[in-house]
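1. Kindly return the folded structure for what I paste below:
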Amino acid sequence: MIPYGKHSIFEEDIQAVSDVLENGFLTQGEQVPLFENALCEYTGASFAVACNSGTSGLHIACLAAGVEASDVVWTVPNSFAASANCARYCGAEVDFVDIDPVSRNICVNALIDKLHLAAAEKRIPKVLIVVHFAGSSCDMAAISAVTEPYGIVLIEDAAHALGANDALGNRVGACKYSAMTVMSFHPVKSITSAEGGAVMTNDDEYAESARRYASHGITRDPQLFDATHHNEPWFYAQIELGYNYRLSDVHAVLGRSQLRRLDTFVQARRALAKAYDDALQSLPVKRPLLDMDSAWHLYTIELTEHDRTTVFTALRERGIGVNVHYIPIHLHPYYQQLGFKAGQFPHAEHYYNNAITLPLFPALTADNQQEVIRQLKEVLV
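-> Okay, here's the model as predicted:
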């Protein structure tokens, strides 16, 4: 079976992990700060807060932004559930903005229309979580211009997009137009730390808050606790309810080793996406936009003439590990219990009903990609 995604691990990665296992601290040593510094150097952001998953990164970003039960948070339905769950963890209400059917990212016009209605109802969201679907950056400059007058905090969910640039040449993660950007280092993402994530920001207060929330809400900063303890070098204080979301040194050293190959990984993904684009032009499918600034986490087609279940099953039976990304969040039973219904976000639903994700990962060989293309053609033609 040719999988839809797969990590690439090299001898240098194995050696880096082995060195920590043999000689270093397994957690709370020097590797996490080194990884955070490397992420800042790569993206251009001022601060990075490493954590144990992209999901925990989204949660602490919401907490750092002050999201609480009285607030509303918006995101898109075309994403993994974590993009909305993070707000629910804070007790906030969640709502969605439909996607653009061409880019599959948030539709700026739909955002404008929804904001006008929300302003009239005095229900402006506190936070907008912008998802860079499949690795292509949203139009953050336009989104910032639309949301800034309302005082909305922008958080980028860049789980798919480490290594990508926006249309203006800014690296995703630089937080040029957002308060925070959240990364994921799951094995199928741009780089892997096995499991892991990070919050990038240029704001020191967001960074410190996110760091405390990732470590039980505990601080050793004497300015944040009673002066009677300032001469007690062992003292620490829990000043808010936090979580154990820390990243271990073992995970961090793997992530830092992988980061050195990020540009190579992304270039391989872009070449594979271009090969798909060239090969599929004559087939009855809607191809994704050929965005050569994308990190190309996913290559997802939409069927235009064939039944998706039939095609999906046939390809799986032929050894092609296709997948579907994503079931719209508002269609999950949990969110339907909150009042969401089919038909509310038609572009996301139409996309989902026809979408199939083809194999795409840096180690996918030309022969294997040609096999994917050959099998897809046989099934569709």
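
2. Show the residue spans covered by the strands in the stretch 151-300 of the chain.
-> Listed in chain order, the strands of the stretch 151-300 of the chain (DSSP state E, counting those that start in this stretch) span 153-157, 180-184, 197-201, 218-219, 237-238, 285-286, 299-303.

3. just so I know, which of these lies nearest I356?
-> strand 299-303 (5.7 Å; CB to CB). Just so you know, the C-beta spots here come from the backbone N, C-alpha and C atoms, and that holds for glycine as well.

4. That closest one pairs with which strands, parallel or anti?
-> Paired neighbours of strand 299-303 in the sheet (DSSP bridges): strand 285-286 (antiparallel), strand 355-358 (antiparallel).

5. send the alpha carbons of it over as CSV?
-> Provided in CSV are the C-alpha atoms of strand 299-303 (Å, rounded to 0.1, in the frame of the first residue of the first chain):
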residue,chain,number,x,y,z
TYR,A,299,-2.7,17.0,-2.7
THR,A,300,-6.5,16.7,-2.8
ILE,A,301,-8.6,16.3,-5.9
GLU,A,302,-12.4,16.7,-6.3
LEU,A,303,-14.2,14.2,-8.4
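
6. Which one of the strands paired with strand 299-303 lies nearest to Y150?
-> Of the strands paired with strand 299-303, the one closest to Y150 (CB to CB) turns out to be strand 355-358, at 31.8 Å.

7. got the CA coordinates for the closest one in CSV?
-> Output of strand 355-358 as CSV, limited to C-alpha atoms (Å, rounded to 0.1, in the frame of the first residue of the first chain):
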residue,chain,number,x,y,z
ALA,A,355,-12.7,15.1,-2.2
ILE,A,356,-10.0,12.4,-2.3
THR,A,357,-6.4,12.9,-1.0
LEU,A,358,-3.7,11.3,-3.1
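
8. what residues does that strand touch?
-> Defining contact as CB atoms under 8 Å, 6 or more residues apart in numbering, one finds that strand 355-358 is touched by 4, 276, 298-303, 308, 311-312, 315, 320, 322-325, 372, 376.

9. wait, isn't A207 in contact with T201?
-> Yes. If you go by CB atoms under 8 Å, A207 and T201 touch, sitting 5.2 Å apart.

10. show me where pLDDT drops low in the stretch 151-300 of the chain?
-> Applying pLDDT under 70 to the stretch 151-300 of the chain flags the ranges 227.

11. now the helices: where do they sit in it?
-> Secondary structure of the stretch 151-300 of the chain by DSSP state H, counting those that start in this stretch: the helices cover 204-213, 249-259, 262-279.

12. So which of these is nearest H330?
-> Closest among the helices of the stretch 151-300 of the chain, using CB to CB: helix 204-213, at 27.0 Å.

13. list residues touching both of A207 and T201?
-> Joint contacts of A207 and T201 (CB under 8 Å, 6+ apart) are 46-47, 49.

14. Adding distance to V172 and mean neighbour count, write the helices of the stretch 151-300 of the chain out as TSV.
-> What follows is the helices of the stretch 151-300 of the chain, written out as TSV (distance: least, CB to CB, whole Å; neighbours: other CB atoms under 10 Å):
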stretch	distance to V172	mean neighbour count
helix 204-213	17	21
helix 249-259	14	24
helix 262-279	11	18
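
15. Can you redo the ones you listed as TSV, where the extra columns are distance to H332?
-> Output for those, formatted as TSV (distance: least, CB to CB, whole Å):
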stretch	distance to H332
helix 204-213	26
helix 249-259	29
helix 262-279	29
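
16. closest one to R123 among the ones you listed?
-> Nearest to R123, of all those, is helix 204-213, at 24.3 Å by CB to CB.

17. still on that earlier bit, export the strands paired with strand 299-303 as CSV, with columns for distance to E232 and mean neighbour count.
-> Formatted as CSV, these follow (distance: least, CB to CB, whole Å; neighbours: other CB under 10 Å):
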stretch, distance to E232, mean neighbour count
strand 285-286, 64, 18
strand 355-358, 55, 22
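
18. I'd like those strands as a markdown table, with distance to R260 appended.
-> Output for the strands paired with strand 299-303, formatted as a markdown table (distance: least, CB to CB, whole Å):
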| stretch | distance to R260 |
| --- | --- |
| strand 285-286 | 36 |
| strand 355-358 | 27 |
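
19. so L376 touches F312, yeah?
-> No. Under the criterion of CB under 8 Å, L376 makes no contact with F312, lying 11.1 Å away.

20. Now do the contacts for the most centrally placed residue in the chain.
-> Geometric centre of the chain, nearest residue: A159, 1.8 Å, by CA atoms, centre = their mean. Residues counted as contacts of A159 (CB under 8 Å, 6+ apart) are 54, 80, 82, 131, 182-184, 186, 189, 197, 297.
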